[in-house]
Structure formats: C-alpha cells, structure tokens
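Colleague: Could you work out the structure for the sequence below:
(chains A, B and C)
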Amino acid sequence: MAARVVTVDRRSLRARGGAFGARAFAKGLSVTWKHFSRNLMGWVRGKPTVATVMFPEEDVVKPAAFRGMPVLVQMDDGKERCVACGLCEWACPVDCISIDPAETPDPIERHPLRFDIDMGRCMFCGLCEEACPEEAIVMSDRVEISAFSRGGIVWNKEDLLVPQDQLARRLDWIRRSYER
Amino acid sequence: MTERDGFKKPVKVVIDGREIVAEAGEMLLQVALDNGVEIPHYCYHPKLSIDGSCRMCQVKIEKAPKLAISCNTPVADGMVVDTKAGEVVEARKAVMELLLLNHPLDCPICDQAGECYLQDYSFGHGRSEARTTSPRRKGVKRHPIGPRVVFDQERCILCRRCVRFTHEISKTDELRVFGAGDRSRIATSQDRPLDNPYSINVADVCPVGALLSADFHHKRRVWFLEETETVCPTCSNGCNVKIGAFRNRIERLVPRRNDEVNDTWMCDHGRLNYAFVQDETRLREPAIAGREAREPVPVAGPIDYTRDSDGREVRASGPSVDEAIAAAAASLRAAVATYGATSVAVVLTPTLTNEETLLLARLVREELKTPHFALAVPLGLSDDFLIKPEKVANARGARDLGVGPGDGGKDLAGILAACASGEIKVLWVVGSDGLVAAAGLDAVEPAVANLEALLLQDTNRSALTDRATVLVPGCTWAEKDGSMTNHAGRVQRIRPALRPPTGLVADGEIFARMASALRGEAGAPFEPRVAFAEVAKAVPSYVGLEWARLGSRGLAAGQGA
Amino acid sequence: MSDTHGHGHAHVEEETPAPKVRPIEPTEDSLDLPFEPMELKMGPSHPATHGTVRILLKLDGERIVNAEVEVGYLHRGFEKECESGLWYQAFPYTDRLNYVSPLINNVGYALACEKLLGIEAPERCQWLRVIASEVSRMSDHYTCLGACSLELGAFTAFLYAVEAREQLWDLHDALCGARVTTNYVRIGGLSMDVGRDFRELAKERLAAAGKLQQDLEDLLLSNPIFLDRMEGTGVLAKEKLVQLGVTGPLLRAAGVPYDVRRAQPYLVYDRIDFDVPIGEAGDNLDRFLVRIEELKQSRRMIEQCVDRMPEGPVDVDDPHVRLAGKGRVFERMEELIAQFKIVTEGPKPPVGEVYQAVEGGNGELGFYLVSDGTGRPVKCRPRSPSFSNTQALSPMIEGSMLADVIPTFDMINMIGGECDR
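Modeller: Predicted coordinates:
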C-alpha cells in the first residue's frame, strides 16, 4: 500500500483534436447535444433531469444532518425545554445568543426570561446544539431569515419556539449521531 | 528567641520532591496550598475549624500505614509527602464517586456551575464515567432557608462548612446537621430562619450549589462575569470585594480574602448595596435650574447618537457636564466677589477617593479660600465584627487629608445654621444624600431654602436634587480608580469595574475642571496614579506608600517606610 | 513557424513539444519610439481575480513588463479571532480559510490540536477524515477547473464542473449538514458519525461526478483553442518554485513529486493505494491535467475508504477532550459535569507548540499552534499554501502576454480566504 508517482500523459491531446481541431469540435458538440437532448426529453416527459431546482416553487431535499437555523424545542405543554443554562450562549463563537435566566415556579426551577438569537450574526455552525445538555436548541432545516431591519433580524424566544413533534427528525438524528 | 516567647520553630517538609519550609504546628494542607501545591478539599476552610469529614485531601505520607487527611495533619520536620501517588489518585476517585452518587443532575439549573468544587474536582480527579444511573436521594429544593439565602438539600455534600460558619463566625447557630449516616441533612434548628447580618457568607463557603445567594439566584452564569478587585464602600471597614459585572452592570459582589481587614467575609448589607449604581435613581444628566434646553444633536448616519453605550436614550437636551461646571464655577466666583470668601461653604460626604479628596481640599483652600469646609458622615449601627458605624468608605482618608473647617471656619451644624440665616449664600455639597442622612432633613431643609445657589455633585437622586441650582452628576465607586483609607488607616485600591454613564466623568476630573474654571486657565486632567504620589506626601503617616505597591490587599499607613 | 502557438497547420507532433518561453524581443523600431509602460490595475474587483487580489501590471502593448501582486484584501483576522475564543471555537473559522475545501482545513487544525494534546483519534474517525478530506479536495479541484474554463470562455464546461461539485456538496451535506461551512471535525473526533446509507450515496455521487468530469475532459482537452491558451504558458523553473515555497499541484506539475500525503503520511494515507500525478513541462496545461488526475485518484481513495472503513467509535474516549453522547449526559453525573467543563473551559493542551501539515487542495496546509496550558490558543497560525503559491504569479507572467495572466492565475488557484486569512 503506497503512493505511486505517475506522470500525466498529454502526448496525443492535440492529435486527438484532429485536423483544424475538427474532431475536438465534433466531440464537444456531441457532449453538449447529449446533455441537451436528455434534458429536453426529460422536460417533455415531465421528469426533469436538469440539476436546477425551481426554487421557491420546489425545494431541495435536505438530509437529516442538515444544519439550518437554530430553534428552541417546545414541549407539549407549550413551554420551552430550555433551562437557560447558558452553555449555548458561551459556546457560540460569534456571541449571537443572548439569554436572561429567571426563576420559574415550575419544578424545573429555571427558564429563560429572554432568549434572543441575532440571526444576522448566526453562522449556523451548530456548536450551540452540541453544547446543549437538554436537547433544547436544535438546528432546524429552515434557512430563510431575511428581515427589513437590523433589529428585525433578532429572533426572540417566541419566534424561536418550534413544537417538538415538528423537530422529531432532527432530535432523532442528534441522539443517534452523538452517541458514542 | 524561644518557642516560649511565641516564636515558631521552622520545619522542613518535602512535598512531591520539593523542599518546603513551614512553621511547626501548621497543617499540611495549608502549607501545601500556600506553596502552590494543589490538594483538592471540601470541608477545610482556612478561617473555620477543622472538620476532617470530606476525606478529599488525603495524601500519602512516607512511613505512615494509611493515607492521611492533610487538613488535620500537622507538619513534622522531615515529613515526606506524595500527593500524586497511585493510591492518592484512587482515593480521590473513590471519594468523588461517592459524593456524586447521590448528587442531583442539576448543573444546567444550578448557579454554582463554573465555580463548583464538585465540577472542578470531578473533572480533575474523579472518574471519567458514571457507574450507575440509579435514582438519587430526594430532598428539599430551592428552599428559602433565610431571607437572603436559598437552600437545596439534594446538592449538599455535608461538608458542614455552613454549620461551622454559623457557629464560629456569625455565632448565631442557625444551621445544624440532623440525622446520621446517609440520612444526614443540613437544616435550621427550631424553624429559626438563617437570618443574621452575615448570612450570605454561607453561600460563599458552600463548595456546591446547596446554599446560594437569593439576590444572585438564576441571575447570570459566572463564566460571563468580568471580575474586578475593589473595596466595599458601604461602611468604613473597607472589606475587600470583587465586583462581578456583565454588559456594564454589576451582577454581584463577593468578598475577597484580606487577613488584615475582613478575613474572607463581608456583611449582607454591603454585599447587596450596589443597586444604586445602576437603578432609576442614578443621575445621568447634569441640570441647571431655569436653563433652556439645548438643541438636540442631529442624528446622521447609521450610528444612533441618541442612545448611549448601554442602549439607553440620552436626552440631548440638557446641559453638558462642562456647561454645568462652568455655571457652578460662575456662581461661586460671583458670590466670592460680591460677598467675600466666607459666603461660600463646601460640604463633603467622604465617599470619594483620597486623590479626589485632596484635589477638592486644595480647591477649597487655594481657589475658593473659604474656611467653611465640613464633612458629613452618616452614622449607623455597628457590631464587634465587620460592620462599622461610619457609613461611608473614606471618612478616615478625608480626615487624614485635613478635610475640616479652616481658621474661623464653621463645622457642619454651623454651616447649616449659617445657610439658614443667609450668612452663607452659596453651598456646594458633594454627596447630598450623605448630608441628609448625617444631619437630618429637618436641619437641611431650612438651610437650603434661603441660598442664592445650591450646587450639588451627586450620583443618585436625593431629597435635595430637585432643588439644585446646578447639578453635576459624579461617578460611583464602581466606576473609579483610586485609593481609599479604611477606619484602621489601611490604604486600599479601588478599581473601575464599569464605564460611567455616557458623558459623565469622575469626581476628581470634575474638581480639576472646576479649578480650571475658577482660575480662568486650563489645568492638567485628573490622573489618580499621579495624584496618589501627592496624597502620600500630604499625609505624614502615608509617607513611603507607593501606588504600585498597594496591590490587591492595600498597605497600612505607616507601612511605607 | 515551429511556434506552438499554432496557426492551425496540421503538423502532428508525436512528442510533447518542449516548453518554449516566448520573450517578445523589442525590435529596433520600438526602441526608437519614446514609450512608457501602461499601468493596468487588475483587481481587486475583477471577474477573473476570483478571491480578491490586485495585480498591478506594467504593460508594453500586450507584453507584461512588470507585475506586482497585492494580497490581503480578504484579511479577516483569523489568528486574532482564534486567540479570543476557546480551542474548539476555532473550527467554524477554519472552514473559511480555504472555503472551497473546508473539510481539509478542519482536519488540519484538529490534527494539530491532537498533536498538542498527545492523543490520537480512533480508527473509524481517521478513515472518515480521509474521506472528508478527499471529498473536499475534489470540490476544490472542480471549482478550480471550472473557473479556469469559464475564464477562458468555456462556460458550459464551467457549468458541468459546478454540477459535479454539487454532487460532492451533497456528500458534505450528508456528512455534517452543511455544504460549504462544514464545521465537521472536532478535537479528538468528529461532530457526528455518518448515516448508514453513506457508502451507497458516496458511490452514486462519485459516479455522477465522474461522468460530468468525463464530459469536461471531452469538451476541453483536445480543443485546440484551449490547448493554445494553456500549453506553454505560465512556466517557471522548478528550482524557482521550490525556492518560493510553492507546493501542491502547482509544484507537482513542474515535476517535483512532493505531496504531504506521501512524504509525511497522516491519518490512513499510508494504508490506501493512490497515485501522485506529476507533470513535466510545468505549464498551465500540466497543472490542469495534474488536477484532473488527482480528481480520479481522490475518487479512488474515497471508494477504498468507504469499503474498508471499520466500525467503531468516532470520538476519542477521553472526557477531558471530547463530549460524551447526549443520552449519557441526561442520566450520568460525571458526564454531565464533563460536558459543562469542556464547553466552558475547553480542552486544555499542555504548554507547548506544534506544527502539523496536511495536503490541502493547493499544497501544504500547516497549522502552527502555541499553547500556554489554558483553554485559549496563544497562537494559531495557518501556513497557507495559497500565500506561497501566489508569490509565483509575478515571475510566471512577467515577460508573457496579458492574456496569459488568466490561465496562469486560475491554475495557481489562489483562494482569497486561505491566502489572506
């Protein structure tokens, strides 16, 4: 098992192009014709073969591992799973998370009074999801975050809550993939 | 020189191959810690009696049959200690496992995370994997064991530091261990709440999150706090503290160790007395009575000039600090010119640093030349431990610097009477809340009623601030650099932990600008480090004290030589 | 008339013509006329200088008399950013160094940190890291070849190359959830293991990319226009390249067989079969062909790895370095504590310094790390292959024609993020 050194072979390239490069042009045309006819037939038959995805009418298929924007998991009683432990706030390399913890009369004792993510700063790196010891913040598959103002791109707790059954795929993925 | 005279015999011990000299009778653990050898421990505390219950500080001593707890082993000459032996490592792992066996998985909701001995020692000395997931014992959680302390029984590791504290230090005996064996619990006896003037210190000594300060409960993660070493300003004891700040707000105060001042303790009142730095009573804008509003600064471009660095709206309509200083100086100059220097009086509540106080004293003597210069020192309850009767930080410093009436000058009561009678036309008060507290509103109100001008230099709203002719807001101790002298004559550094509100400057800088305005020529800006050299020269007992040597613990006056 | 800048005569050459350096000699006439070289500022905003670089050219007609290359327009303070965070917070920043082959940067930094800590990632992790590196390398090369064709006028070839790159980005997606800013590798392991269907997905995508690559080759490699632009242009003697610190395909095209995977094997490169292609002429065509061959070799490597990759953990079993699985954190005290300590304080490499090199898309990508025992790096300096390679641009284009700048610059493949950090 080793790495061999080989020299690239360019000897007959120009020759293969033929007189006046005619053979090269013919070959090139046949390549583009192949793509064109395949794509045309595909369009005619209603089964497109082009790589282009007609966004936003169509959307790309995202794998379970896909890292979109971070969201907060909402439990069935409507409350966030987050206990404002602050690990995600600390782990974030760009300091886009801002949490004010507070006491709650619930048995869990602690919850975020305020949970803001500046989506303009967030780079969807996923370190917050990794740091969370409660599976309370996960990367969703949503990537559209545009806003009309700088203030508008800061998402607060209510904006970020997503019911946990909508995040089942991601939660399942985290549990499987982070297992040692 | 013998032991009978109180001198200690030197003792040589070898710890991890390093020869260390100690005093006979010292405990091995303290000797190790003093010499930079890390030995994990829970129940031991340098200011409390020895408990020997946690077993975490076990070390291997040559020729001893078993591992010994270093907290209760006096050093002996020739002792050879190994803190890294395999047996020690295994013993620590075992102790950690037993402590964590019944410990609730509360880290995400527990305030102690980030300064928790359990976390630190488990990570450094414990097992890497839990061997059980069986349920933990149940106990009382988030119980208000006292008005200022929250208790969580499940997290308690029964080191008993808190029990020893209430017995030996606060001497109030609220906390006891009830039950025995693995049913032991810490609780208060006879339903007496944990309520003494030093109650929150149990949260400091508690190595885990079982006892927590209610004021800091669920407030902020400690790893976000920027910590600054300074001194508490609430009374003249000058307890050494650390300010924990985040986003330019004080989140908490905790005491620091200074064996000459406060050991490792501070009182609850001082610990909680920081809201004034940042609450709605804080003065953020100068004011000149009857003055027309300035034109607001036009906002151009993406930077919002109507908000200060804290995001608060800045009213761009009032006078600037320099305009207020100019108005105050004009008022003083006019009174001196028309009625003479004795028509002007200055009252100081000594919450300022030594450097600022010296500058003020000089200003009063050389520019204003009035002999009416008095201290207003509010007094309150004290005890025989840390709490002192003078409820200001630097009364001793002010007195050392000669703040007081000049020749023919009146004291505070005299000044107030002279104001009421109209003899004194212009009164300049630095710290009007202190004046009201010291003299009483009954004496102050008639005094200010007849003045031509009341000049106030305050940090917070008081009963008088609405009546000021000119109001120049100063800065609090949390925003200043300088030195203060405690009741016993110890000169200690304070350090700025926060940026002052936008546009405001320290009191020393206000005095410098006031002096320039009175003189009519620009002077040097206020520099605490430079000014300290003059302070050391001005006070005979401070001779030889150097700014660089004040450090974190300060120096006693007389220690300079 | 033996000029290889052919005029279309059907002269079939059996052997590779020796590279002819074509200095354009000033004629007697031109010396008589007073002339000033025309100064042309190419970039930093220029469609062909992808990666923002400025080339200050002094031209005599079409001939370049002097070329001064200014880099730094994409400097973003990578080293300073790393110093202000913990060791593990640097990974998203490493993505953005060579942003067309992000996983190689992740792997390089992780290997350097592990060298500092004295630990080694488990077997499966090493195989996965090789797969990740090669997928990224293919992505880098497709981008380079595609951009080069685009700038020579072959738009269709560019689209095919980019579509091939899309196949590989789908593999990035399957590995870690992001197409470009991957943030996949961690100190002591990976952020996550791959799904069960990864092997089939990889083979399927590589086959699709391979077909597109064949189309690319068919379109370009015998095309006389393409050959005329690339053959014999941008040549620099290999000794000079070595002196400048050039590495990667740029160096190998000149005939120097230096590849970090062969010279100082890391991960499992010493256990898989692959060829290191080199050129002879050292011109732009050789560089193009070297990359084409490397793409085939990378595909070969990935297919070997997905077939031979063992089962097992992907993270090192050291709670001081790598977080435990989420399931364990919910119900085990020691692991919960370790999670808190690692996230807030990070792994703490002992005091020391280390240099670790990997083979990036452009050459030797090294990370020089200095630790003072705390959780934050004292220094984290990437040895950037693009930076050294870009030095070669000036000597390569001085004396040649303006149009030769384009293929030469493209074949150097200066990636702004890596060059300027």
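Colleague: For the rest of this, base every contact and every neighbour count on C-alpha atoms.
Modeller: Will do.
Colleague: neighbouring contacts of stretch C:128-146?
Modeller: If you take C-alpha atoms under 8 Å, 6 or more residues apart in numbering or on different chains as the criterion, stretch C:128-146 is touched by C:100-104, C:107, C:157-162, C:164-165, C:168-169, C:171-172, C:185, C:267-269, C:288, C:291-292, C:294-295, C:298-299, C:301-302, C:305-306, C:309, C:360-361, C:410-411, C:413.
Colleague: Of those, which belong to strands?
Modeller: C:Val185 (DSSP state E).
Colleague: how about the residue in the stretch 351-500 of chain B that chain A sits nearest to, what does it touch?
Modeller: Chain A sits closest to B:Leu498 of the stretch 351-500 of chain B, with a gap of 19.7 Å, by C-alpha to the nearest C-alpha. Counting by C-alpha under 8 Å, 6+ apart, B:Leu498 makes contact with B:Ala245, B:Asn248, B:Arg249, B:Ile250, B:Ala478, B:Glu479.
Colleague: where's stretch B:406-420 relative to the chain centroid, distance-wise?
Modeller: Its chain's C-alpha centre and that of stretch B:406-420 lie 33 Å apart, by C-alpha atoms, centre = their mean, to the nearest Å.
Colleague: Please enumerate the strands of chain A.
Modeller: A:3-7, A:70-74, A:97-103, A:110-118, A:137-139, A:154-155, A:161-163.
Colleague: Redo the ones you listed as CSV? Include distance to chain B.
Modeller: Formatted as CSV, the strands of chain A follow (distance: least, C-alpha to the nearest C-alpha, whole Å):
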stretch, distance to chain B
strand A:3-7, 40
strand A:70-74, 16
strand A:97-103, 5
strand A:110-118, 6
strand A:137-139, 14
strand A:154-155, 16
strand A:161-163, 19
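Colleague: Of all those strands, which one is nearest A:Ser146?
Modeller: strand A:154-155 (10.3 Å; C-alpha to C-alpha).
Colleague: In space, what's closest to whichever residue of chain A sits closest to chain C - neighbours in sequence excluded?
Modeller: At 3.5 Å from chain C, A:Phe66 is the closest residue in chain A, using C-alpha to the nearest C-alpha. In space, and not counting its chain neighbours, A:Phe66 is closest to C:Gly177: 3.5 Å by C-alpha to C-alpha, 6 or more residues apart in numbering or on different chains.
Colleague: check contacts around the one you found.
Modeller: C:Gly177 sits next to A:Pro63, A:Ala64, A:Ala65, A:Phe66, A:Arg67 when contact means C-alpha under 8 Å, 6+ apart.
Colleague: So which of those residues are in helices?
Modeller: Among these, the subset assigned to helices under DSSP state H is empty.
Colleague: Quick one: neighbours of A:Gln166, just the number.
Modeller: 12 (other C-alpha atoms under 10 Å in any protein chain shown).
Colleague: before we move on, the earlier item: may I see the strands of chain A organised as CSV, with mean neighbour count and mean pLDDT added?
Modeller: Shown next, in CSV, are the strands of chain A (neighbours: other C-alpha atoms under 10 Å in any protein chain shown; pLDDT from 0 to 100):
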stretch, mean neighbour count, mean pLDDT
strand A:3-7, 17, 84
strand A:70-74, 24, 96
strand A:97-103, 19, 94
strand A:110-118, 20, 94
strand A:137-139, 25, 95
strand A:154-155, 18, 93
strand A:161-163, 19, 95
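Colleague: export the ones you listed to CSV and tack on distance to C:Leu59?
Modeller: Conversion of those to CSV gives the following (distance: least, C-alpha to C-alpha, whole Å):
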stretch, distance to C:Leu59
strand A:3-7, 36
strand A:70-74, 53
strand A:97-103, 53
strand A:110-118, 49
strand A:137-139, 53
strand A:154-155, 51
strand A:161-163, 61
